[in-house]
Structure formats: C-alpha cells, structure tokens
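> sharing a model that was predicted from the sequence below.
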Amino acid sequence: MRVVLVSDIHSNAVALAAVLAALPTYDELWCLGDTIGYGPEPNICLQQMQKLAKYALTGNHDLASLGLVSLADFNALARTANQWNNKQLEPELRAFLQALPARLPLPPEVTLAHASPRDPIWEYILDAQTAKANLQHFDTPVCFVGHTHVPTIFARHEDGKIEFQRGKPGQMLQLKPGSRYIVNPGSVGQPRDGDPRAAYAVWDTKAGTIRFNRVEYDVAATQQKMRAAGLPDMLAERLAFGR
Ligand code: ZN
C-alpha cells in the first residue's frame, strides 16, 4: 500500500492544491494535523481533508482555532490568525475538525501523532534525545508526527545505534526490520527548514520505504490572500523564506 503523508497545511489551500496535483498514484492519504491556523483558506483545506484523508489528526493550531485550548499559549501573530480562522469555519467543517484525535495508534505497524506520541499536542521533536524518550510511548515500529514543520527521520536500530537527520528532498529512506522510527514528512503550508516548497512524504508499506518530496507552489498567491484577509504580514512574509 502507498500512503501519502501530509501535515501542517495551515489553511494554505494553494500549497495543498500543488501537492495534490503532484501526487503519484496512492492508496490512502493520512493527515497529521494543523490543517488550519496561520493561513487564509481554512474551509477549503478542511473540505479536502474530509474528502481525501482516510485518517486525520487534530493539532495545537486546530484546537486553538476551535477555542478548545487557550490562545495564551500562542504568540500574538499566531493568536490573531487562530481567531481569524475560527470566525471563518463553516459549522459542518468545525464539527469534522472537532471530532479528530491528536494521536491514533494503527497497530501493528504504525502510530500517528500530531506533535509526539508522548504529548500529541505540544511537544516538539527537534533532537535525538527527545525522539528517543518518545520510543516508550508507542508500540509500533513506525510513528509519524508533524508539528515542527521540518522533515526529519529519527531511527533507533537493533544494535542500539541512533540516527537523527533531516529528510532531504527526493530522499528515499529504506526502513530496516528491527529498527524503530519517528518520521516527520514536513509541512505543506508553512515549511520551516529554509525551503519554501510544500513538503509531503510517501510511505510504501510493501517496499518498506519512505520518500520525502517537495513541490513548488505559488507563494505570492497565498500571500496575497493573507493580506486581503487582513492576516499579520509577518505570517505572509515568512512563507517566502520557508522559516
Ligand atoms: Zn503546525
């Protein structure tokens, strides 16, 4: 089975459309959360996930936009965007988003979590130590996470060797039997690894491979929509830098 992994779309429908147009044939699409917040088109992004995603998670910005976690936990710009996103939501899509989990075990092969298996809403896995500490919080060989907006691979091999690295554009990771992994496909709608292109990954369960991909999209179009909506200019500007 070929599974497309998308995460942190953040209401960037232009980036999402570019990813969807670039996808190879696949069997299932899974969404790791933060479909809304930051960007200008929450309803389109939620509609697409409702239609296309076999599994979808909620994330911290989704919950904040729904008013389900305190906005005090966000910086002023993110807070403004979350409040704006909240006001746009169509009732049916609000209900769809509200029902999603932040963590979803799919044994025996894989676990999904927005942030981390230990703390699926808030924890950032940005180093090997944090990733390693999370291994005891899920039971499957592979866990997919989002949240940091940086494509990453953490692996602990049978001999105890640890690896922590960026998932580079076009990179094909070969999963080894006996190893355990925490993998982040990167962000569709607001990449933060210095590459502004939208990120996604494809897991081929039969071949045991995960491929990291990037897709160019019309950043200026999203920026224009954000400015027209009155969203904070800094949030529009950062899209051009992938930061
Ligand atoms: Zn996010």
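Noted; the coordinates are in hand.

> what are the buried residues along the lengthiest helix in the chain?
Ranked by residue count and defined by DSSP state H, the top helix of the chain is helix 76-88. By 16 or more other CB atoms under 10 Å, the buried positions in helix 76-88 come out as 78-82, 84-86, 88. Every C-beta, even on glycine, is put in place using the N, C-alpha and C of the backbone.

> show me what stretch 108-126 is in contact with.
For stretch 108-126, contacts defined as CB atoms under 8 Å, 6 or more residues apart in numbering pick out 7, 30, 32-34, 55, 57-60, 63, 69, 73, 102-106, 130-131, 133-134, 137-148, 150, 152, 154, 182, 184, 205.

> could you list which of those also contact the ion?
Subset of these in contact with the ion: D34, counting by CB under 5 Å from the ion.

> just the buried ones from the contacts of stretch 108-126?
With neighbours counted by 16+ other CB under 10 Å, the contacts of stretch 108-126 contain buried members at 7, 30, 32-34, 55, 57-60, 63, 69, 102-104, 130-131, 134, 137-138, 140-148, 150, 152, 154, 182, 184, 205.

> which of those fall in helices?
60, 63, 130-131, 134.

> before we move on, back to that, closest to R94 among the buried residues of helix 76-88?
Nearest to R94 among the buried residues of helix 76-88: N86, at 8.7 Å, using CB to CB.

> for the closest one, what are its contacts?
So N86 contacts 65-67 (CB under 8 Å, 6+ apart).

> same question, E237
Contacts of E237 (CB under 8 Å, 6+ apart): Q223.

> perfect, I'm done here.
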